[in-house]
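Undergrad: sequence below, structure please.
(2 chains)
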Amino acid sequence: MKQNYLKKVVTLEYNKELCSGCKMCTYVCPHGVFEVNERKAKIISRDNCMECGACQVNCPEGAITLQSGVGCATAILYSKLGKTKGEICCDGKC
Amino acid sequence: MNDFHSGFTLAPEVKPVVATSNWSINDYLGSVKVRFAINRDNYKVKPGLYSVGFPGDESEIFVSANYKLSFDILRKNLNGTDAWILVLDTKGINVWCAAGKGTFGTSELVNKINETLIAHRVNHRRIIVPQLGAPGIASHEVKLQTGFNVKYGPVRALDIQEFIDNKYNATREMRRVTFDFFDRLKLIPVEWIFSFKYMLICMLIFITGSGFTGKEYSVSNLQTVGVITALHIFMAFFSGTTLGPLLLPVLPFRGFSLKGAFAGLLTFIAALILTGQWQISVYNLSMLLIYLAAGSFFTMNFTGASTYTSLSGVKKEMKYAVPAQLIALGSGFLLFVLSRFIQL
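TA: Model prediction:
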């Protein structure tokens, strides 16, 4: 079942001018946000972005920018309470 | 690859650790225990170079984290294929989380490629990094600094064989993270363990409060109101730690805090049916508020376990959700106290 989070909140920005069409963003994105056609990437499902930052880090042209981070309420609460608790990690896999 | 000058293999001093694709009983036990948060902070393997089977100069190099479960799942899915595994020092954290923190990162990968002298053991320059490691690895930087081409493997180790057979191409499905029922179910025990302490504290306060009837304190109340209240508290926590996460895709709303509040409401109705106490009362209203608060709060905390929530989104919903949860908890508690003094 398709799972969707909040609409129109992500900080993802993409500059088409800089894109070289290397497709790296399509390889690293875990939510299929990008598609490359005619040597240019395109954002096809912006609201699926989880701001993991993989596309930004792996774009050799610097065409993608975003404020990456982990969407974890526990970590946000801890930091608001001034606790660092060493390495904050909230999920069962961490 | 031989050393140009001496003809000797250059890397004899870096001995790979021998590993196999097979899991021992201890590997199986360990993988279950970490799901219950037992020994989870110390479930590590030593970083460095590993050989699985009898890898040679054409064998693939896979990169993993030194969280033992990450490493174990990778080697298991190699199914006996000869391969090298390069384990990065991620402080015992899995690939995806470590990539987010940057410990599974470009500089650590470059260091490990250099330290282990892996370039002298293979004739090719391919290195397979799990796709979920990509937030930490700038592939073009790795190429620049070491000459190795990073090939991003599939999200799930299960698809590795097909990925290699397809000349290092992953299908669309292989590149997507999912979060199905069983993915979520595996994460529930950890939710229980982390919320257990708070549930006990909450129960203790409410059970103690149940003894009051007006100005009197009666222990026999503990067996009636006390037991029912303890059941309510248990179910309220259950709605947030278990029902909300499990029913995630079928619950209405997009925000986890709203989904959780809805799960709390459903559980409250189930509890009323179970106890047969349908009347409109201050007590029931106070319990409803506790369900909404606990359901919402603990489901909201499941955002960290989920695979699709963004930081911006979580911040946005928390701005409204946290004050609402506090108000629900506070007014729920006050109404409970009130219900003990005036019988409505």
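
Undergrad: which residue ranges of chain A form helices?
TA: A:24-28, A:54-58, A:73-80 (DSSP state H).

Undergrad: render the CA-only coordinates of the last one in CSV, please.
TA: Same thing as helix A:73-80. Below are the C-alpha coordinates for helix A:73-80, written out as CSV (Å, rounded to 0.1, in the frame of the first residue of the first chain):
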residue,chain,number,x,y,z
ALA,A,73,10.1,12.9,16.5
THR,A,74,12.1,11.4,19.3
ALA,A,75,15.4,12.9,18.2
ILE,A,76,13.7,16.3,17.7
LEU,A,77,12.2,16.1,21.3
TYR,A,78,15.5,15.2,22.8
SER,A,79,17.3,18.0,21.1
LYS,A,80,14.5,20.5,22.2
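
Undergrad: close to chain B, is the helix or strand bottoming out on mean pLDDT in chain A?
TA: Among the helical and strand segments of chain A, the one scoring lowest on mean pLDDT, DSSP states H and E is helix A:73-80, with a mean of 89. Yes: judged by CB under 8 Å from any CB of the partner chain, helix A:73-80 comes into contact with chain B through A:Ala73, A:Thr74, A:Ala75, A:Ile76, A:Leu77. Using the backbone N, CA and C atoms, a C-beta is placed for each residue, glycine as well.

Undergrad: residue 67: what's it in contact with?
TA: In the absence of a named chain, this looks at chain A. By CB atoms under 8 Å, 6 or more residues apart in numbering or on different chains, the contact set of A:Gln67 is A:Thr11, A:Glu51, B:Leu311, B:Ser312.

Undergrad: that's the wrong chain, I wanted chain B
TA: B:Tyr43, B:Lys44, B:Thr90, B:Gly92, B:Ile93, B:Asn94, B:Val95, B:Ala98.

Undergrad: and of the residues you listed, the nearest to A:Lys83?
TA: B:Ile93 (18.5 Å; CB to CB).

Undergrad: so that closest one versus chain A, what's the distance?
TA: B:Ile93 is 6 Å from chain A, where distance means CB to the nearest CB, to the nearest Å.

Undergrad: I'd say that residue and B:Gly100 touch.
TA: No: at 9.2 Å, B:Ile93 does not count as touching B:Gly100 under the criterion of CB atoms under 8 Å.

Undergrad: pLDDT below threshold where in chain A?
TA: A:1-2, A:84-94 (pLDDT under 70).

Undergrad: can you give me the strands for the stretch 201-344 of chain B?
TA: B:212-213, B:216-217 (DSSP state E, counting those that start in this stretch).

Undergrad: who does the last one pair up with?
TA: In the sheet containing strand B:216-217, the strands it pairs with under DSSP bridges are strand B:212-213 (antiparallel).

Undergrad: mind checking the end-to-end distance for stretch B:237-244?
TA: 10 Å (CA to CA, to the nearest Å).

Undergrad: that one close to chain A?
TA: No: between stretch B:237-244 and chain A, judged by CB under 8 Å from any CB, nothing touches; the nearest distance is 11.6 Å.

Undergrad: show me what that stretch is in contact with.
TA: B:188, B:191-192, B:195, B:198-199, B:202, B:251, B:256, B:259-260, B:263-264, B:266-268, B:291, B:294-299, B:301-302.

Undergrad: got it, and stretch A:6-18?
TA: Outside stretch A:6-18, the residues touching it (CB under 8 Å, 6+ apart) are A:33, A:40-43, A:46-47, A:49-51, A:61-67, B:254-255, B:310, B:312-313, B:316-317.

Undergrad: could you redo the last one with a cut-off of 7 Å?
TA: Stretch A:6-18 is touched from outside by A:40-41, A:43, A:46-47, A:49, A:51, A:61-67, B:254-255, B:310, B:312-313, B:316-317, with contacts defined as CB atoms under 7 Å, 6 or more residues apart in numbering or on different chains.
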